[in-house]
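S.K.: need a structure here:
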Amino acid sequence: MQQKQTEQAGYLAVTYCGLALPLRVMHSGAGYYIGTGSDELGPVSRESEEYFPNRGAAEAALKASNWTQKQTP
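M.R.: Numbering: from 1, shown residues only. As a prediction, this is how the structure comes out:
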């Protein structure tokens, strides 16, 4: 059974932090992005190369797997 994209752990969070956190839409001063984080830790990793102009665009990209995975932090 294949996991949904939103249930997959972020590559950078696992590789560099040892944390299996799910991908989700995040926001910073630069815009919306696909990343990982938690209520306890706050933002952990920016997984997408892209910033998106709004939450809807980022959610659509995450759902469609239409984004570019960063390879390094």
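S.K.: in stretch 30-37, what's buried?
M.R.: Tyr32, Tyr33, Ile34, Gly35, Thr36, Gly37 (16 or more other C-beta atoms under 10 Å). (Each C-beta comes from the backbone N, C-alpha and C, glycine too.)
S.K.: Ok, stretch 37-50 next?
M.R.: Counting neighbours by 16+ other C-beta under 10 Å, one finds that the buried residues in stretch 37-50 are Gly37, Val44, Ser45, Arg46, Glu47, Ser48, Glu50.
S.K.: repeat for stretch 57-69
M.R.: Judged by neighbour count using 16+ other C-beta under 10 Å, the buried positions of stretch 57-69 are Ala57, Ala58, Glu59, Ala61, Leu62, Trp67.
S.K.: Output those residues as TSV; include the columns distance to Leu21, pLDDT and secondary structure.
M.R.: Formatted as TSV, the buried residues of stretch 57-69 follow (distance: C-beta to C-beta, whole Å; pLDDT from 0 to 100; DSSP: H, G, I helix; E, B strand; the rest coil):
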residue	distance to Leu21	pLDDT	secondary structure
Ala57	22	98	helix
Ala58	17	98	helix
Glu59	17	98	helix
Ala61	18	98	helix
Leu62	14	97	helix
Trp67	17	98	coil
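S.K.: so what's the residue nearest to the spatial centre of the chain up against?
M.R.: In the chain, the centroid-proximal residue (C-alpha atoms, centre = their mean) is Gly35; its distance is 2.2 Å. Residues in contact with Gly35 (C-beta atoms under 8 Å, 6 or more residues apart in numbering) are Gly10, Leu23, Arg24, Met26, Pro43, Val44, Ser45, Arg46, Glu47, Ser48.
S.K.: count of residues packed around the third one?
M.R.: Read that as Arg24. Residues near Arg24, counting by other C-beta atoms under 10 Å, number 16.
S.K.: hang on, the earlier thing: let me know the closest of the buried residues of stretch 37-50 to Cys17.
M.R.: Distance to Cys17 across these (C-beta to C-beta) is lowest for Val44, with 6.0 Å.
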